[in-house]
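Asks: No sequence on hand, only this structure:
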């Protein structure tokens, strides 16, 4: 679907012909909206329209846009040392950040080693390499597969794709090109858990790690699971020599109502991935944390025991400086209290949608609101356009309309978002009801 570009700036009209867009193709999806600037919780377009952002730029802008503390940190670091390679060299922003991450993550110091990378997918890849080599270094080479969940998503690179849902996930076209791992259902009750435990025991000799998004499966469909079940899975993995890998790239940094989702289940993962909110959405940075026990498996007299991995921009000094400033904000501005208010407001605002035709579920957890619709009647492009018409930025996908606003969003701005969701979904439901009525006439 082409867009009239006559009134758009030259940089847009000229560049549009050269951009390869993410998650779609220009022949089918509407042209991107040209953005002039950002401010607070708003995206300001070139034509002057202001859109209240309900996605936090893919869940990363925890403190909103252009937060002065983050901008100041970036500018100050750029004047001193924008970047330097991390092999054989070290610098204060990364070392301070590693210390702080170890202190605030589950176990408060038990995840003592931090490997920096430059994206969430890379953090997942690092976690997988660590898990595989951990067992190799312990002379257990048969442990070469992973267990993952139906509905899971862990990134777009090949290792990350291999532990994402192979059937309903966005990477199913590559299911014959990636290593096949064990894909299981999230257990939901005592009987299901018993079956799950039997399955894990049977495949344990071949499994290096269990990969999970704690409490919330994000891009796989915004599905929630209970802290108690997460704790049981953690126990089962520990009893069967399977490393528990928590992908907290989306759930970390207060999004689910705790600083990290694993805390609600009272567990400390063996390996943990963080990203997105780590820098408050200012710059790309991710990290993979492990226990000292896992780190020790990579030390000794034999160089072959070393983890041979090192992205060029690993521990980028500017990104680390911004991340430290972001952690300052989490400490000083009580984001968890803000998340609790967001949760209460979204719960109250969205519950009425449960009664509408075509609405399958409404769920709220922390600063996450989800309205699940009947997928067969979904037109994501039409819904996205409807939200833009109401001056909000939301990106429905598959069968969900979801809200993940910046944690600093005001009550008034959140009302704009929830009102838009109620109005658009209500209108959509009317069209579904009309369609169903026509089918049964």
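Replies: Yes, it's here. Computed from a predicted model, the values in this text were never measured in an experiment.

Asks: all contacts plus neighbour counts: C-alpha atoms, from now on.
Replies: Fine.

Asks: for the protein, what spans make up the helices?
Replies: 10-15, 56-59, 68-80, 92-104, 120-137, 158-162, 190-203, 227-239, 261-265, 292-296, 317-332, 335-350, 380-389, 411-439 (DSSP state H).

Asks: Please name the residues that touch residue 396.
Replies: Neighbour list for residue 396: 380, 383, 384, 402 [criterion: C-alpha atoms under 8 Å, 6 or more residues apart in numbering].

Asks: Let's see that with 7 Å instead.
Replies: 380, 384, 402 (C-alpha atoms under 7 Å, 6 or more residues apart in numbering).

Asks: Now which of those would you call buried?
Replies: Using 16 or more other C-alpha atoms under 10 Å as the burial test, the contacts of residue 396 include 380, 384, 402 as buried.

Asks: ok, so of the residues you listed, who is nearest residue 238?
Replies: Among those, residue 402 lies closest to residue 238 (C-alpha to C-alpha), at 33.8 Å.

Asks: Return the per-residue confidence for residue 440.
Replies: pLDDT recorded at residue 440 is 49.

Asks: closest to residue 261 among the buried ones among the contacts of residue 396?
Replies: Looking across the buried ones among the contacts of residue 396 and measuring by C-alpha to C-alpha, the closest to residue 261 is residue 402, at 18.6 Å.

Asks: The closest one and residue 367 touch, don't they?
Replies: No. The pair residue 402 and residue 367 does not pass the contact test of C-alpha atoms under 7 Å, sitting 10.5 Å apart.

Asks: OK, contacts around the residue nearest to residue 370 when sequence neighbours are not counted?
Replies: Nearest in space to residue 370, with sequence neighbours left out and distances taken as C-alpha to C-alpha, 6 or more residues apart in numbering, is residue 402 at 4.3 Å. Contact analysis of residue 402 by C-alpha under 7 Å, 6+ apart lists 369, 370, 371, 396.

Asks: Who are the contact partners of the second one?
Replies: Okay, so that is residue 370. Contacts of residue 370 by C-alpha under 7 Å, 6+ apart are 222, 362, 363, 364, 400, 401, 402, 403.

Asks: what's the distance between it and residue 403?
Replies: Counting by C-alpha to C-alpha, to the nearest Å, the gap between residue 370 and residue 403 amounts to 6 Å.

Asks: same thing with the third one?
Replies: Counting by C-alpha to C-alpha, the gap from residue 371 to residue 403 is 9 Å.

Asks: go on, the first one?
Replies: Here residue 369 is placed at a distance of 5 Å from residue 403 (C-alpha to C-alpha).

Asks: And the residue nearest the centre of this protein?
Replies: residue 250 (2.5 Å; C-alpha atoms, centre = their mean).

Asks: Do you know the pLDDT at that one?
Replies: 97.

Asks: between the helices of the chain, which one is nearest to residue 304?
Replies: That would be helix 120-137 among those, by C-alpha to C-alpha, at 8.9 Å.

Asks: Could you list the residues in contact with that closest one?
Replies: 117, 141, 143-144, 154-157, 159-160, 208-209, 243, 249, 271, 273, 275, 286-288, 294, 297, 305.

Asks: Please list the members of these that lie in strands.
Replies: Applying DSSP state E to the contacts of helix 120-137, the entries found in strands are 117, 208, 209, 243, 271, 273, 286, 287, 288.

Asks: Show me which of the residues you listed is closest to residue 375.
Replies: residue 273 (30.8 Å).

Asks: Hmm, the closest one is touching residue 251, no?
Replies: No. Applying C-alpha under 7 Å as the test, residue 273 and residue 251 come out as separate, 10.2 Å apart.

Asks: The residue nearest to residue 370 and residue 255: what is the separation?
Replies: Using C-alpha to C-alpha, residue 402 is found at 13 Å from residue 255.

Asks: ok, now residue 220?
Replies: Distance from residue 220 to residue 255, by C-alpha to C-alpha: 17 Å.

Asks: do the same with residue 85
Replies: For residue 85 relative to residue 255 (C-alpha to C-alpha), the value is 32 Å.

Asks: ok, now residue 19?
Replies: The separation that residue 19 has from residue 255, given C-alpha to C-alpha, amounts to 31 Å.

Asks: next one: residue 184
Replies: 26 Å.

Asks: Pick out whichever of those two has more residues nearby.
Replies: Taking other C-alpha atoms under 10 Å, residue 184 and residue 255 do not tie; residue 255 has more neighbours (28 against 15).

Asks: for that one, what are its contacts?
Replies: Taking C-alpha under 7 Å, 6+ apart, we find residue 255 in contact with 366, 367.

Asks: got it, and residue 179?
Replies: Contacts of residue 179 by C-alpha under 7 Å, 6+ apart are residue 162.

Asks: Can you list phi and psi of it for me?
Replies: phi -60, psi 130 (degrees, to the nearest 10).

Asks: Give me the below-cutoff pLDDT ranges for this protein.
Replies: Regions of the chain meeting the criterion pLDDT under 70 cover residues 1-6, 438-441.

Asks: Per the annotation, how does it divide into domains?
Replies: 33-63+334-439, 68-332 (automatic domain parsing).

Asks: Could I get those in a markdown table, plus columns for distance to residue 27?
Replies: Below are the domains of the chain laid out as a markdown table (distance: least, C-alpha to C-alpha, whole Å):
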| stretch | distance to residue 27 |
| --- | --- |
| domain 33-63+334-439 | 13 |
| domain 68-332 | 19 |
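
Asks: right, and those - which one's nearest residue 14?
Replies: Nearest to residue 14, of those and by C-alpha to C-alpha, is domain 33-63+334-439 at 12.4 Å.

Asks: With adjacent residues omitted, what lies nearest to residue 287?
Replies: Nearest residue to residue 287, sequence neighbours excluded (C-alpha to C-alpha, 6+ apart): residue 116, at 4.3 Å.

Asks: Now do the same contact list for that neighbour.
Replies: Residue 116 touches 286, 287, 288, 314, 315, counting by C-alpha under 7 Å, 6+ apart.

Asks: 6 Å instead?
Replies: 286, 287, 314, 315 (C-alpha atoms under 6 Å, 6 or more residues apart in numbering).

Asks: Give me the distance between it and residue 96.
Replies: Residue 116 is 13 Å from residue 96, by C-alpha to C-alpha.

Asks: Check residue 427 too.
Replies: According to C-alpha to C-alpha, residue 427 and residue 96 sit 51 Å apart.

Asks: Near residue 261, how many other residues are there?
Replies: By other C-alpha under 10 Å, the residues close to residue 261 number 27.

Asks: OK, contacts around it?
Replies: Shown in contact with residue 261 (C-alpha under 6 Å, 6+ apart): residue 214.

Asks: if we can go back for a sec, will you turn the contacts of residue 116 into a markdown table that also has neighbour count?
Replies: As requested, the contacts of residue 116 are arranged in a markdown table below (neighbours: other C-alpha atoms under 10 Å):
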| residue | neighbour count |
| --- | --- |
| 286 | 29 |
| 287 | 27 |
| 314 | 24 |
| 315 | 29 |
